[in-house]
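Chemist: Everything below, folded, please.
(chains A and B)
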There are 2 protein chains.
Amino acid sequence: MWVPGAGGRPGLAVAMAAAAAACLAVAMAARRWRRRPVREVLFFPSPPSCTEELLAEAAGPGARVQPCPCPLPRSDCSLSRLLRRLLSARRSLDICLFAFSCPQLGLAVRLLHRRGVRVRVVTDEQYMGLRGSQIGLLRHAGIQVRHDQGHGYMHHKFAIVDRRMLITGSLNWTTQAIQSNRENVLVVEDAEYVKPYLDEFERIWEEYNPTNNRFLCQGQ
Amino acid sequence: MWVPGAGGRPGLAVAMAAAAAACLAVAMAARRWRRRPVREVLFFPSPPSCTEELLAEAAGPGARVQPCPCPLPRSDCSLSRLLRRLLSARRSLDICLFAFSCPQLGLAVRLLHRRGVRVRVVTDEQYMGLRGSQIGLLRHAGIQVRHDQGHGYMHHKFAIVDRRMLITGSLNWTTQAIQSNRENVLVVEDAEYVKPYLDEFERIWEEYNPTNNRFLCQGQ
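Modeler: Just a heads-up that it's a prediction; the model follows:
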């Protein structure tokens, strides 16, 4: 085997080949052992289930977790999986959602806000005022909410956890959608998918900044 | 370097190390050169654009493609990209869609059916009868369509091209959604994401098989 610069010294050639093989082996092992990105698909409807203990555990280390007396099952389901993904947030949660009326998901978002996670919500102007919407409760809790001001719908249904995990699909966060509709949600950590959604969120967040609104007085 | 079985023969050790390094290099090169899966994110609204030539080209090798006299731009946009992904189908197109009223997308699906692609459509019972729905035209063209029979919505918005490319997101295939709403679409070839959607499609397709319906006569 010819090795550049080895100058015909077989010992050096052997050492260099061994070093190259070792480097490749280490690189491949590192690749294998690196944490695989989350890749999950959730389908709905999700059967009615009790999420009280899940939410109580997430309230923080000092929270008292008491068994819930309700008769609903505590089984693993698409709603509980979605909740766990959201509750894994440690630094930020960016939500871009057409309709948001599910009480359990509203409570989870308020819990994260209380835990110090930076929560931002973008929603649709026409839907947010309807009865049952969680948007008023989020605002009352001190969470930043912005909405569209155009003629089309803000019809996205995605959230980004800690700027690295994308949760997106057909699902509006409503009890009707969760318990009755055929819906899908993708949970994705591949940067190629997450980055465009991060950019879209920042674009919309800035576009819907209320300080950009121009209120024209009569006569102007 | 100790190599099992080399029995202290340095020439054999060098050869084996070189062979190992070569194998690793070939494996890594093969990995690099294998066709990367499609990973695309499309955002809407998409500006009004002319898709006549794109659709005419897709009609088949014998089709006459004449310049369209309309004043709309032919620029690359989210709608034209979505159309191209759909028109790449060669064997099958499985569609699972809450609302379908966009004429260009309807024409594309009918073109694929005429080209011999096996098209199957699942849709929502309540939406499919509304004015402007493409479902009647698809059925009239001979495309198989099935719909839900339950009380919730069939709210999915996904399509699978040739059982390997998933197109999913918040977008209903309506002109309002395409031209006015904030929407997102993921185009994905990673098998980990595509397989669950294939299974969901087959599950729904079978569940909505009209021969499974039970029509009860009065008095039964």
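
Chemist: How about the contacts made by the nearest residue to residue A:172 once chain neighbours are set aside?
Modeler: Nearest residue to residue A:172, sequence neighbours excluded (CB to CB, 6 or more residues apart in numbering or on different chains): residue A:99, at 3.9 Å. (C-beta placed from N, C-alpha, C; glycine too.) Residue A:99 is in contact with A:123-124, A:127, A:133, A:172-174, A:177, counting by CB atoms under 8 Å, 6 or more residues apart in numbering or on different chains.

Chemist: Over to residue A:87?
Modeler: A:54-55, A:58, A:108, A:111-112.

Chemist: So for these, which is the shakiest by pLDDT?
Modeler: The member of the contacts of residue A:87 with the lowest pLDDT is residue A:58, at 87.

Chemist: Neighbours of that one, how many?
Modeler: 21 (other CB atoms under 10 Å in any protein chain shown).

Chemist: Surely residue A:135 is in contact with residue A:100?
Modeler: Yes - in this structure, residue A:135 is within contact of residue A:100 by CB atoms under 8 Å, at 6.2 Å.

Chemist: Those two - which one has more neighbours?
Modeler: Shown here are residue A:135 and residue A:100; by other CB under 10 Å, residue A:100 has more neighbours (25 against 22).

Chemist: gap between that one and residue A:86?
Modeler: Distance, residue A:100 to residue A:86, using CB to CB, to the nearest Å: 12 Å.

Chemist: what is in contact with residue A:135 and residue A:100 at once?
Modeler: In contact with both residue A:135 and residue A:100: A:121, A:123, A:128, using CB under 8 Å, 6+ apart.

Chemist: mind listing which of the residues you listed are in strands?
Modeler: A:121, A:123 (DSSP state E).

Chemist: can the shared contacts of residue A:135 and residue A:100 go into TSV with extra columns for pLDDT, neighbour count and distance to chain B?
Modeler: What follows is the shared contacts of residue A:135 and residue A:100, written out as TSV (pLDDT from 0 to 100; neighbours: other CB atoms under 10 Å in any protein chain shown; distance: CB to the nearest CB, whole Å):
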residue	pLDDT	neighbour count	distance to chain B
A:121	98	24	14
A:123	97	24	11
A:128	86	23	14
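
Chemist: Kindly indicate which of the shared contacts of residue A:135 and residue A:100 lies nearest residue A:26.
Modeler: residue A:121 (44.3 Å; CB to CB).

Chemist: Now stretch A:79-96: buried residues?
Modeler: A:79-80, A:82-83, A:85-87, A:89, A:93-96 (16 or more other CB atoms under 10 Å in any protein chain shown).

Chemist: For the residues you listed, give me TSV that also has distance to residue A:63 and secondary structure.
Modeler: Listed next are the buried residues of stretch A:79-96 as TSV, based on distance: CB to CB, whole Å; DSSP: H, G, I helix; E, B strand; the rest coil:
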residue	distance to residue A:63	secondary structure
A:79	20	helix
A:80	18	helix
A:82	21	helix
A:83	15	helix
A:85	20	helix
A:86	17	helix
A:87	12	helix
A:89	17	coil
A:93	19	strand
A:94	25	strand
A:95	23	strand
A:96	29	strand
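
Chemist: any idea which of these is the one closest to chain B?
Modeler: residue A:96 (8.0 Å; CB to the nearest CB).

Chemist: Am I right that that closest one is in contact with residue A:147?
Modeler: No - when contacts are counted by CB under 8 Å, residue A:96 is not listed as touching residue A:147 (10.8 Å).

Chemist: Perfect, that will be all.
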